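*Asks:* Quick one: sequence plus predicted model below, questions after.
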Amino acid sequence: MTTSAVFGAFSFSTVPHIVSEPGAVKRIAVYVSQHFPNARRALLVTDSGFLKTGLVDAPIAALRDAGLAVTIFSEVVADPPEAIVLQAVANARSNAIDLVIGLGGGSSMDVAKLIAVLAGSEQELKTMYGIGNVKGSRLPLVQVPTTAGTGSEVTPISIVTTGATTKMGVVSPQLYADLAILDAELTVGLPPKVTAATGIDAMVHAIEAYTTKVKKNPLSDMLARQALALLSSNIVAACEDGKNLAVRQAMLLGAMLAGQSFANAPCAAVHALAYPIGGIVHVPHGLSNSLVVPHVLRFNAPNAAGLYAELAEIVVPGVMGSAEARTQALIDKMDEIAKRTGIETRLRQVGISEADLDRLADDAMLQTRLLTNNPRDITRADAHAIYAAAL
Ligand SMILES: [Zn+2]
């Protein structure tokens with residue numbers, strides 16, 4: 001590997017305690033009592049679909065056996081609206097909760113973060129949007145992902161749907177959990193298409209962190225590279241043989257490492273162009289990223305080919321040639337993963353038509369938090385052309 005990057009000053013934060021082992025969630029009460037011996041009333045935050053799998057029964061029983069009262073909040077939905085967050089906070093207050101456990105996909109973990117900061121605070125949610133606007137402390141927070149994708153268990157970011165389709169982010173250091181538990185037994189039931197879309201989202205986190213224009217640093221780079229190695233070599237196997245615990249654990253680990261990376265070296269135009277798709281058609285976050293990623297990488301190549309070439313060497317071992325040729329190999333690999341896992345590859349397949357492109361381009365331009373990190377400046381016309389290429 002060659003790298004020409006010269007790093008300046010940087011800072012790096014992450015979750016202080018991470019456990020990665022199949023079956024680990026059954027010991028959640030042990031970890032909780034180590035960290036929070038005084039906790040008595042836990043709120044477990046999940047969604048109704050995951051609750052029905054029965055996979056929450058063992059950790060809940062373990063917590064109750066250890067003497068904790070456990071209240072379940074299972075009203076979380078994808079792209080959680082403010083009303084759900086506020087409902088959950090009211091629940092936490094009325095039960096005098098002193099520990100919050102997010103157990104689910106990115107939405108459940110994002111809601112858990114906000115409950116932890118809001119339940120014991122006078123501050124209103126609407127004053128928390130943006131970067132660094134959370135005041136005060138939070139309740140103890142444990143995160144347990146049930147998909148290998150968002151990395152939300154190790155990020156200080158919570159995304160909330162604030163209007164009909166608009167999303168806003170709360171980004172503050174208080175949102176880092178105290179403990180994250182990665183347990184592949186929770187992910188073995190994920191359908192192949194969910195495994196594919198969430199896994200590609202995690203790969204995009206690593207790619208965007210490695211090529212971000214701001215805050216790129218040696219730790220985020222190291223994490224992004226290891227994440228991509230794990231994700232690219234296990235994603236197809238995880239889709240084909242979902243019961244393989246070793247493969248599932250590798251995906252969870254890869255997604256978490258990518259989360260640590262982009263928590264410190266932020267995402268860029270792939271995410272900026274993906275969010276507006278979810279505003280028009282209800283597609284999962286991972287799929288909307290997957291639909292635009294090859295086209296954004298192609299657009300960015302004039303400014304980022306050197307870094308993309310370094311990543312190509314990880315996802316396509318033995319790849320040779322110029323930086324441009326290796327960048328093309330990285331793009332081809334992302335295409336190949338989407339095709340082999342059978343997820344949609346064109347915007348038309350998810351219900352987007354040519355008539356939607358103007359609105360998509362307008363909405364993408366509003367994602368300034370992400371666009372400013374992109375290695376190449378994107379105009380509205382550029383965004384329009386990228387969506388047209390993805391149609
Ligand atoms: Zn993402």
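*Replies:* Alright, I've got the coordinates.
*Asks:* which residues of this protein fall in helices?
*Replies:* Under the criterion DSSP state H, the chain contains helices at 28-35, 48-52, 57-65, 82-94, 106-118, 192-211, 218-240, 245-264, 269-280, 285-315, 323-341, 357-365, 368-371, 380-390.
*Asks:* what's the last one in contact with?
*Replies:* Applying Cβ atoms under 8 Å, 6 or more residues apart in numbering, the contact partners of helix 380-390 are 273, 291-292, 294-296, 298-299, 346-347, 352, 354, 357-358, 360-362, 364-365, 378. For the C-beta atoms, the positions are set from N, CA and C on the backbone; glycine is no exception.
*Asks:* got any ranges where this protein has weak pLDDT?
*Replies:* The chain contains residues with pLDDT under 70 at 1-7.
*Asks:* Tell me which of the helices of the chain lies nearest to A9.
*Replies:* With Cβ to Cβ as the measure, helix 218-240 is the member of the helices of the chain nearest A9 (11.7 Å).
*Asks:* Only alpha carbons, please: show that closest one as CSV.
*Replies:* What follows is helix 218-240 as a C-alpha-only set of coordinates in CSV (Å, rounded to 0.1, in the frame of the first residue of the first chain):
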residue,chain,number,x,y,z
PRO,A,218,-5.1,7.8,10.6
LEU,A,219,-7.5,6.0,12.9
SER,A,220,-10.5,6.5,10.7
ASP,A,221,-8.5,5.3,7.7
MET,A,222,-7.3,2.1,9.5
LEU,A,223,-10.8,1.3,10.6
ALA,A,224,-12.3,2.0,7.2
ARG,A,225,-9.8,-0.3,5.5
GLN,A,226,-10.4,-3.2,8.0
ALA,A,227,-14.1,-2.6,7.7
LEU,A,228,-14.0,-2.9,3.9
ALA,A,229,-11.9,-6.0,4.1
LEU,A,230,-14.4,-7.8,6.4
LEU,A,231,-17.5,-6.5,4.6
SER,A,232,-16.4,-7.1,1.0
SER,A,233,-15.2,-10.7,1.7
ASN,A,234,-18.3,-11.7,3.7
ILE,A,235,-21.3,-9.9,2.2
VAL,A,236,-22.2,-12.4,-0.5
ALA,A,237,-21.7,-15.3,1.8
ALA,A,238,-23.9,-13.7,4.4
CYS,A,239,-26.7,-13.4,1.8
GLU,A,240,-26.3,-16.9,0.6
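*Asks:* Packing partners of it?
*Replies:* Identification of packing neighbours for helix 218-240 by 3 or more Cβ pairs under 8 Å, 6 or more residues apart in numbering; DSSP states H and E yields helix 192-211, helix 245-264, helix 285-315, helix 323-341.
*Asks:* can you tell me which residue is nearest the centre of the protein?
*Replies:* Centre of the chain computed as the mean C-alpha position; nearest residue by Cα atoms, centre = their mean is T150, 1.7 Å away.
*Asks:* Can you report how many residues neighbour the nearest residue to that residue once chain neighbours are set aside?
*Replies:* Distances taken as Cβ to Cβ, 6 or more residues apart in numbering put G106 closest to T150, at 3.2 Å, once the chain neighbours are dropped. A count of neighbours around G106, defined by other Cβ atoms under 10 Å, yields 29.
*Asks:* Identify the residues contacting G106.
*Replies:* By Cβ under 8 Å, 6+ apart, the residues touching G106 are P145, T147, G149, T150, S152, I159, H285.
*Asks:* what's around the closest residue to the last one other than its chain neighbours, how many residues?
*Replies:* The reference is to H285. Closest residue in space to H285, ignoring its immediate chain neighbours: D201 at 6.1 Å, by Cβ to Cβ, 6+ apart. Applying the criterion other Cβ under 10 Å, we find 29 residues in the vicinity of D201.
*Asks:* Quick check: D201 vs P59, distance?
*Replies:* Between D201 and P59 the distance is 25 Å, computed by Cβ to Cβ, to the nearest Å.
*Asks:* do the same with I280
*Replies:* Distance of I280 to P59, computed by Cβ to Cβ: 37 Å.
*Asks:* what about the two, which has more around it?
*Replies:* Under the criterion of other Cβ under 10 Å, the comparison of I280 against P59 puts P59 first, with 26 against 18.
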